[in-house]
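Q: sequence plus predicted model, see below.
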Amino acid sequence: MKTVSVLLNTIDKVRSFVTVAASYRGELDLKSGRYTVDAKSIMGIFSLDLSRPMDLILHEDTDDPEFFEALKPYLYKPDKS
């Protein structure tokens, strides 16, 4: 299992993220606070607080470089100021 932080703070980001997530063969979940939804479900994602970063949970360990490259626009990197 692997977890990365993502930020999906616009409708366009959610839409394109779901397309990327759907291309992944394994199971993906998004966790925001105490809520967890299927990361391939656009309706599930819209039920979360999109103004805050969320944890993307990959249930199968993978080193698929194409998938991780496609995830780069959604990764959350906090400011270190």
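A: Yes, it's here.

Q: all helices of the protein, in order?
A: Along the chain, counting by DSSP state H, helices occupy 11-22, 42-46, 65-71.

Q: okay if I get those helices as a markdown table plus distance to residue 1, mean pLDDT and mean neighbour count?
A: All C-beta atoms are positioned from the backbone trio N, CA, C, and that covers glycine. Supplementary listing: the helices of the chain in a markdown table, determined by distance: least, CB to CB, whole Å; pLDDT from 0 to 100; neighbours: other CB atoms under 10 Å:
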| stretch | distance to residue 1 | mean pLDDT | mean neighbour count |
| --- | --- | --- | --- |
| helix 11-22 | 16 | 96 | 16 |
| helix 42-46 | 19 | 97 | 15 |
| helix 65-71 | 15 | 90 | 13 |
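
Q: can I get those in CSV including distance to residue 58?
A: Listed next are the helices of the chain as CSV, based on distance: least, CB to CB, whole Å:
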stretch, distance to residue 58
helix 11-22, 10
helix 42-46, 16
helix 65-71, 9
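
Q: out of those, which is closest to residue 2?
A: Proximity to residue 2, assessed across those by CB to CB, is greatest for helix 65-71 (9.8 Å).

Q: which helices and strands does that closest one pack with?
A: For helix 65-71, the elements it packs on are helix 11-22, judged by 3 or more CB pairs under 8 Å, 6 or more residues apart in numbering; DSSP states H and E.

Q: how close does residue 37 sit to residue 11?
A: Distance check for residue 37 against residue 11: by CB to CB, to the nearest Å, it reads 16 Å.

Q: quick one, what contacts residue 74?
A: Contact partners of residue 74, counting by CB atoms under 8 Å, 6 or more residues apart in numbering, are 6-8, 13, 17, 20, 56.

Q: tell me which two of those residues sit farthest apart.
A: In the contacts of residue 74, two members sit farther apart than any others by CB to CB. They are 7 and 20, at 14.1 Å.
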